[in-house]
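Participant: just coords:
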């Protein structure tokens, strides 16, 4: 199986596009859910083999589905409030 990797490993700053990229991930997820009958995500995802039930490792499937894996890595200065909020958003998604 193939997947496209989108990797961001750099210091977290407001101007380095991490916020824009995580919002793109959320938008892509919501558009996929809205395009399904009933709009519910359980039709979009199937459990990966070898994972326990309820595990968050889910992959898109179906005709025309191209899996995309987004990985964020980085750090921010302890006093950088906006960067900490971006990190909290990434972790919550």
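Facilitator: Sure, I can see it. Treat the numbers as computed from the prediction; the structure is a model and nothing was measured.

Participant: Tell me where this protein has strands.
Facilitator: 4-9, 45-47, 58-60, 68-73 (DSSP state E).

Participant: Which residues outside stretch 14-28 are in contact with it?
Facilitator: Outside stretch 14-28, the residues that touch it by CB atoms under 8 Å, 6 or more residues apart in numbering are 6, 8, 10, 12, 68, 70, 72, 74, 82-83, 86, 89-90, 93. Glycine gets a C-beta too; all of them are placed from N, C-alpha and C.

Participant: Which two among these are spaced furthest apart?
Facilitator: Spatial extent of the contacts of stretch 14-28 (CB to CB) is set by the pair 68 and 82 at 26.2 Å.

Participant: In this structure, where is pLDDT below threshold?
Facilitator: Within the chain, the segments meeting pLDDT under 70 span 1, 36-65.

Participant: Check the gap between residue 17 and residue 74 for me.
Facilitator: 12 Å (CB to CB, to the nearest Å).

Participant: Perfect, I'm done here.
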